[in-house]
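Peer 1: Quick one, what's the 3D model for this:
(2 chains)
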Amino acid sequence: MITHNMFASHLQPNIATEAPKKTSTRVGYGEGLLEAGKRDQHVVALCCDLTESTKTDAFAKEFPKRFVQIGIAEQNLASVGSGMAAMGKIPFIASYAAFSPGRNWEQIRTTIAYNNSNVKIVGAHAGISVGPDGATHQMTEDIAIMRAMPNMIVIAPADVHEARKMTLAVAKHVGPVYFRLGRSDTPVVTTPESPFEIGKAELLYTKTPGREKNIGIVVTGSLLYNALIAAVELEKEGIGVSVLHMATIKPLDTEALLALASTHDALVTVEEHQIIGGLGSAVAEYLSGTKPTRIERIGINDSFGQSGEPDELVAHYGMDIPSIVSAARRLY
Amino acid sequence: MKYLTGEEVRALELKANEIRQSIIEMLTEAGSGHTAGPLGMADVFTLLYFAVLKHDPKNPDWDERDRLILSNGHICPVLYATMAHAGYFPVEELMTLRKLGTRLQGHPHRQTLPGLETSSGPLGSGLSQAVGMALAERINNPYSAKYFYCLTGDGELDEGQIWEALLLAGKEKLNNLIMIVDRNGIQIDGYTKDVMPLEPLAEKFASFNFDVQEVDGHNMRALNDAIGKAQAVYSQPSVIIAHTVAAKGVDVFERDFRWHGNPPGKGPEDRVPKDKQAEVALQKLRTLAGMITSHDHS
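Peer 2: Coordinates of the predicted model:
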């Protein structure tokens, strides 16, 4: 029997029984940026001709002198941001993830990460759920290329509330941060009261005790809802399932991960990203040296995306609820 | 802008000569690194650090300092040598260049050496950083007296990012930004006119809404005048195209692109055998130093 209290108490009520509200994580970023700008006059925003779609527009309107329109020039975006940070500013540099960090990875590496520069890199339209724009605009390698970079923190917020809180936390944190945002409206799972701390994973669904089979799901970004509903489905089949929400991919919350691996037979990782180099890789890298664990990795399997509606694409590339359920079953 | 007396010019030329000797010594000790660019830019660096910049070597983080952003990081031997002679760190430390644990990395690393404004090496990103600094300063203090000097190579201008930064600087009318281009005409693969022609370069900069000056990069007074004029430009960023001779000061190395990326001891052998290159270079520089006289008559 499934009871509501298996969900963390700070989440939206009735997640398992009611259709979720949907908003995009980029909206949460826009709200958080405006709020961060009001709290700290050193916050500045830079954008590459994508002010409305990256949701930088509210900040730009409120603080026109603290907004720099860079034009379509992502390499310049990264290094101008580094220069502003050298003068004490807290720059949020925004474009689509396919272009930043996709195009300007070296400028980020040398002028931001190597300088340990206080720049926040905002990768909008990450993942395959960008939809009809197709593979050129669906960034599915950003976690891999950014987490390999020394000094860099990498975050994928789950929903609009978490994106807002993350933006505020990132503005306060001193040092380079990359975070990815989604284009499409995705389920709202957390609430304004849900905790967010950089580097800390949250156990959002706890398994029923005493089950013979136990699976841990580790998820990042807006597939959190799919992971939670998959957990409910699997619990109905008699499998004990816990869901660990790993908003920060680097640094990995190894304590929470080790605790999960120690109390479950096998893990499923879930991300809207290539399975090469992303969250699943990070989890496998850590556990292979500490607690070798069987892992099924859900994500895009070494291919490019294509045009389609977001939900169609998530299903087509095997990241929907049935895909997660099947992956868990494969572990037995 | 400050007028330079003949004695001051002479002192600067002697200092530049000492810095060139340090460059030869540190590169020889390191066994790798770039020779032509550092020797060619020694006069520009000497003038900046000893006559132009507002800075305090004993307080490298002084907030009111001017910023010097080296974009073509591979010529850092001249930056390190000039900083050491200016008092940022002991001259002896120059001999640690490129060695394990050194603060003098093969390409500059801001995190290790106080007084560096950025890390650089990959070409084309320094100007963007200088633009960012100049923009931030305008937000921080509209009445600021700081200048942002960005030094680039000429081969470096092949990089597309340079032109992105030029567009933004022109758009934002950053009159606190002064770009100085080391126009020595060489890059690794050959002469810039063959690898990727840049001319008409002055016209290109002008069309990006920069104030443009061309100057002899070895003439202290001409350089000083050009910087003074650049500081006075109203509502435009400035660029000074400094015409330099690659490897200036060591005539047997000069104007030869094969000296771009080799240290003394590992350069082309047709004029000086490898084992004599350092010794000959130092000898030439010492001879030149003896010929430097007061410029009061000029």
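
Peer 1: could you pull out the helices for chain B?
Peer 2: Read by DSSP state H, chain B holds these helices, from start to end of the chain: B:6-30, B:36-40, B:42-47, B:76-86, B:126-140, B:160-172, B:192-195, B:201-207, B:220-232, B:277-291.

Peer 1: A:Ile276: which of these is closest?
Peer 2: Proximity to A:Ile276 (Cβ to Cβ) singles out helix B:160-172 among these, at 28.8 Å. Quick note: C-beta positions are derived from backbone N, CA and C, even for glycine.

Peer 1: Now do the closest one: which elements does it pack against?
Peer 2: Secondary-structure packing of helix B:160-172 (3 or more Cβ pairs under 8 Å, 6 or more residues apart in numbering or on different chains; DSSP states H and E): helix A:74-86, helix B:126-140.

Peer 1: So is the longest one next to chain A?
Peer 2: Yes. Helix B:126-140 comes into contact with chain A (Cβ under 8 Å from any Cβ of the partner chain), by way of B:126, B:128-137, B:139-140.

Peer 1: so after the longest strand belonging to chain A, what's the next helix or strand?
Peer 2: Counting residues, the longest strand in chain A under DSSP state E turns out to be strand A:266-274. In the C-terminal direction, the helix or strand that comes right after strand A:266-274 (DSSP states H and E) is helix A:279-290.

Peer 1: quick one, what contacts the closest residue to chain A within chain B?
Peer 2: Of chain B, the residue with the smallest distance to chain A, taken as Cβ to the nearest Cβ, is B:Gly132 at 2.3 Å. With contact taken as Cβ atoms under 8 Å, 6 or more residues apart in numbering or on different chains, B:Gly132 is in contact with A:Ser79, A:Val80, A:Gly81, A:Ser82, A:Gly83, A:Met84, A:Ala85, A:Ala86, A:Met87, A:Pro91.

Peer 1: Roughly how far does it sit from B:His55?
Peer 2: In this view, B:Gly132 and B:His55 are 20 Å apart by Cβ to Cβ, to the nearest Å.

Peer 1: try A:Arg39
Peer 2: Computed as Cβ to Cβ, the A:Arg39 to B:His55 distance reads 34 Å.

Peer 1: Neighbour count for the two, which is higher?
Peer 2: When neighbours are counted by other Cβ atoms under 10 Å in any protein chain shown, A:Arg39 and B:His55 differ, and B:His55 comes out ahead with 20 against 11.

Peer 1: Let's have the residues of helix B:126-140 next to chain A in CSV, adding pLDDT.
Peer 2: Below are these laid out as CSV (pLDDT from 0 to 100):
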residue, pLDDT
B:Gly126, 98
B:Ser128, 98
B:Gln129, 98
B:Ala130, 98
B:Val131, 98
B:Gly132, 98
B:Met133, 98
B:Ala134, 98
B:Leu135, 98
B:Ala136, 98
B:Glu137, 98
B:Ile139, 95
B:Asn140, 94
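
Peer 1: which of these has the most neighbours?
Peer 2: For those, neighbours tallied by other Cβ under 10 Å; top is B:Gly132, 36 neighbours.

Peer 1: Skip the chain neighbours and tell me the closest residue to it.
Peer 2: Nearest non-adjacent residue to B:Gly132, counting by Cβ to Cβ, 6 or more residues apart in numbering or on different chains: A:Gly83, 2.3 Å away.

Peer 1: hmm, stretch B:72-82 touching chain A?
Peer 2: No. Applying Cβ under 8 Å from any Cβ, one finds that stretch B:72-82 is not in contact with chain A, the shortest distance being 9.0 Å.

Peer 1: quick one: average pLDDT of that stretch?
Peer 2: Looking at stretch B:72-82 alone, the average pLDDT works out to 98.

Peer 1: Format the CA atom coordinates belonging to it as PDB.
Peer 2: Included here for stretch B:72-82 are C-alpha records, laid out as PDB according to Å, rounded to 0.1, in the frame of the first residue of the first chain:
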ATOM      1  CA  ASN B  72      49.000  37.200 -25.900                       C
ATOM      2  CA  GLY B  73      50.100  35.300 -22.800                       C
ATOM      3  CA  HIS B  74      53.100  33.700 -24.600                       C
ATOM      4  CA  ILE B  75      55.100  36.900 -24.400                       C
ATOM      5  CA  CYS B  76      54.900  36.700 -20.600                       C
ATOM      6  CA  PRO B  77      58.800  36.600 -20.200                       C
ATOM      7  CA  VAL B  78      58.700  40.400 -20.900                       C
ATOM      8  CA  LEU B  79      55.800  40.800 -18.400                       C
ATOM      9  CA  TYR B  80      57.600  38.900 -15.700                       C
ATOM     10  CA  ALA B  81      60.900  40.500 -16.300                       C
ATOM     11  CA  THR B  82      59.400  44.000 -16.200                       C
END
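
Peer 1: Distance from it to the middle of the chain?
Peer 2: The gap between where stretch B:72-82 is centred and where its chain is centred comes out at 7 Å by Cα atoms, centre = their mean, to the nearest Å.

Peer 1: quick one, what contacts the residue lying closest to A:Glu272 once chain neighbours are set aside?
Peer 2: Here the nearest residue to A:Glu272 in space, its sequence neighbours aside, is A:Gly127; by Cβ to Cβ, 6+ apart that works out to 3.6 Å. When the contact criterion is Cβ under 8 Å, 6+ apart, the partners of A:Gly127 are A:Gln138, A:Met139, A:Thr140, A:Arg180, A:Gly182, A:Gly221, A:Ser222, A:Glu272, A:His273.

Peer 1: For my notes, please list these in TSV and give pLDDT, neighbour count and secondary structure for each entry.
Peer 2: Formatted as TSV, these follow (pLDDT from 0 to 100; neighbours: other Cβ atoms under 10 Å in any protein chain shown; DSSP: H, G, I helix; E, B strand; the rest coil):
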residue	pLDDT	neighbour count	secondary structure
A:Gln138	97	27	coil
A:Met139	98	27	strand
A:Thr140	98	28	coil
A:Arg180	98	29	strand
A:Gly182	97	29	coil
A:Gly221	98	30	helix
A:Ser222	95	32	helix
A:Glu272	98	33	strand
A:His273	98	29	strand
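
Peer 1: Which single one of these is nearest to chain B?
Peer 2: When the contacts of A:Gly127 are ranked by distance to chain B (Cβ to the nearest Cβ), A:Met139 comes first, at 20.8 Å.

Peer 1: Can you give me the distance of the closest one to A:Ala98?
Peer 2: 4 Å.

Peer 1: Identify the contacts common to these two.
Peer 2: By Cβ under 8 Å, 6+ apart, A:Met139 and A:Ala98 have these common neighbours: A:His125.

Peer 1: who touches stretch B:247-254?
Peer 2: Judged by Cβ under 8 Å, 6+ apart, the contacts made with stretch B:247-254 from elsewhere in the structure are B:17, B:20, B:24, B:35-36, B:39-40, B:42-43, B:218, B:245-246, B:255-256, B:259, B:267, B:271-272, B:280-281, B:284-285, B:288.
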